[in-house]
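Undergrad: how does the following fold in three dimensions:
(one chain, ligands or ions: 2)
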Amino acid sequence: MNHTMREQYEAMRRHLQQAADQWGFVLSPEQDRAVERLSLLAAELAGTGGLFRRTHPSPRNLYLWGPVGRGKSWLVDTFFDGLPGGRKRRLHFHDFFRALHEGVAQAGRDREGGHRAVDRAVDELVGDCRLLVFDEFHAHDAGDAMLVARLFRTLLDRHVTLVTTSNYPPAGLMPDPLYHHLFEPTIQRIEERMDILDVSGPTDFRRLPPPAHGSRRFAEGACLTDAGDALRGEPGVEAPRPGEAVLVPAHHRALPARAARADLVWFGFDVLCEGTTAVPDYLALVERFGTLVLDGVPPLASCTPDGRRRFADLVDVCCDRDTRLFLIGADPLAGLPEDSGLLRDLDRTASRLAMLRRADLAR
Ligand SMILES: Nc1ncnc2c1ncn2[C@@H]1O[C@H](COP(=O)(O)OP(=O)(O)OP(=O)(O)O)[C@@H](O)[C@H]1O
Ligand SMILES: [Mg+2]
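TA: Numbering: from 1, shown residues only. Ligands and ions are numbered 1, 2, ... in the order given. Predicted structure coming up:
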């Protein structure tokens, strides 16, 4: 390691440790290993010209995986913030698909066809960056498989360094046996070209008491049984009056909200999760509003599979964008049969909702 690399290695270690101290976190042994690996990556990036220049070979890509709430996103986000230079990009899974679908739709309007349209959209997304952090990577259907395969090819061809987090080890990606084989070439590429780091400590940090210092906006939200009583004392969060109903712009359409006030928007579960909405709508909402209230929340066991999936996506988006989320109604996770597989599909949601619950307890 030359002098510049050594300096960058030390700087990244310090940066990650200081961030943990500031939040009052004690890093798990698995996180410590990730800190070491991410600091080495920072050094490797510095050794190949930093984020300003491109020299070959590019540093090894990193794939961090583990169960929910192990602090993977925190690690890669903190790493990303601490990396000097501008040619870096962070993408959340949902942003990636929104950007690609938009790009492909635009290409369609320009009468450009199929694969070329996807390639162009991927090109635009990657731009001239040298490092891409892709948080919460997964793939669930044939469409995802095709887009992700092309993204990987582009990144590897262009020597862009990739850092991803996922709840799945590479071989477990695309769990649906109907589609798994479509993804096998990509899995093989990941296993060959990325260093795989297992961050499977025993603790879901979202289930611990809140950290001593600092808090996330998302975690300031709550799961509440009743709007009137429960929201008293939350400044600016009063139940909507009938005259407040309004259409709120979402993705290429407007959705009927019960109220929209400055930084807050209020929806019924029936509109936002049982209506034909999708992730781009939620992204449009959280880009405009810092607080989202959802009332009429039923136990998820009693709603449609699409309603459950939309709710899970909404919680994911709000958590990623640090939107304050108030859920009013029944306990969403009540009555889910242990062995039905539903609980496993809602793993990510359950972990995120635990953060809202602990906020209730502290109230
Ligand atoms: N060592 C730690 N001690 C306490 N809290 C932590 C620690 N590391 C991270 N956290 C916090 O725990 C929460 C979960 O972390 P994070 O979102 O990074 O998990 P994740 O592994 O990405 O989970 P998922 O797989 O569900 O996306 C965050 O609020 C994060 O700030
Ligand atoms: Mg995460």
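Undergrad: sketch out the low-pLDDT regions of the stretch 151-300 of the chain for me.
TA: Applying pLDDT under 70 to the stretch 151-300 of the chain flags the ranges 212-214, 227-236.
Undergrad: list the contacts of the residue of it found nearest ligand 1.
TA: At 3.3 Å from ligand 1, Phe205 is the closest residue in the stretch 151-300 of the chain, using C-beta to the nearest ligand atom. Quick note: C-beta positions are derived from backbone N, CA and C, even for glycine. For Phe205, the contact set (C-beta atoms under 8 Å, 6 or more residues apart in numbering) comprises 25, 69-71.
Undergrad: same thing but 10 Å
TA: Applying C-beta atoms under 10 Å, 6 or more residues apart in numbering, one finds that Phe205 lies in contact with 25, 28, 31, 68-71, 74, 211, 351, 354-355.
Undergrad: the residue of the chain found nearest ligand 2: what secondary structure?
TA: Taking C-beta to the ion as the measure, the point where the chain comes nearest ligand 2 is Ser73, at 3.1 Å. Put simply, Ser73 is helix when judged by DSSP: H, G, I helix; E, B strand; the rest coil.
Undergrad: nearest residue to it in space, please, no chain neighbours.
TA: Asp135 (5.3 Å; C-beta to C-beta, 6 or more residues apart in numbering).
Undergrad: ok, that neighbour touching His92?
TA: Yes - using C-beta atoms under 10 Å, Asp135 makes contact with His92 at a distance of 5.1 Å.
Undergrad: now the common contact residues for these two.
TA: 73, 320.
Undergrad: for the lengthiest helix in the chain, packing partners?
TA: Across the chain, the longest stretch assigned as helix under DSSP state H is helix 3-23. Contacts defined by 3 or more C-beta pairs under 10 Å, 6 or more residues apart in numbering; DSSP states H and E place helix 3-23 against helix 29-47, helix 72-82.
Undergrad: now for the helix or strand following the shortest one, which elements pack on it?
TA: Toward the C-terminal end, the helix or strand that comes next after helix 72-82 (DSSP states H and E) is strand 88-92. Using 3+ C-beta pairs under 10 Å, 6+ apart as the contact criterion, the neighbours of strand 88-92 among helices and strands are helix 72-82, helix 93-109, helix 114-126, strand 131-135, strand 161-166, helix 305-320.
Undergrad: state the distance from Gln8 to Asp204.
TA: Distance, Gln8 to Asp204, by C-beta to C-beta, to the nearest Å: 32 Å.
Undergrad: who has more neighbours out of the two?
TA: Gln8 (24 against 16; other C-beta atoms under 10 Å).
Undergrad: quick check: Gly103 touching Leu125?
TA: Yes - with contact defined as C-beta under 10 Å, Gly103 counts as touching Leu125 (7.2 Å).
Undergrad: hmm, Asp316 and the residue of the chain closest to ligand 2 touching each other?
TA: No - Ser73 is not in contact with Asp316 according to C-beta under 10 Å; the separation is 11.0 Å.
Undergrad: export the helices and strands packed on strand 88-92 as TSV, with columns for mean neighbour count.
TA: Converted to TSV, the helices and strands packed on strand 88-92 look like this (neighbours: other C-beta atoms under 10 Å):
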stretch	mean neighbour count
helix 72-82	20
helix 93-109	17
helix 114-126	16
strand 131-135	23
strand 161-166	24
helix 305-320	20
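Undergrad: which one of those lies nearest to ligand 1?
TA: Closest among the helices and strands packed on strand 88-92, using C-beta to the nearest ligand atom: helix 72-82, at 3.3 Å.
Undergrad: between strand 161-166 and the closest one, find me the angle.
TA: 150 degrees (axes from the mean of the first three to the mean of the last three C-alpha atoms, to 10 degrees).
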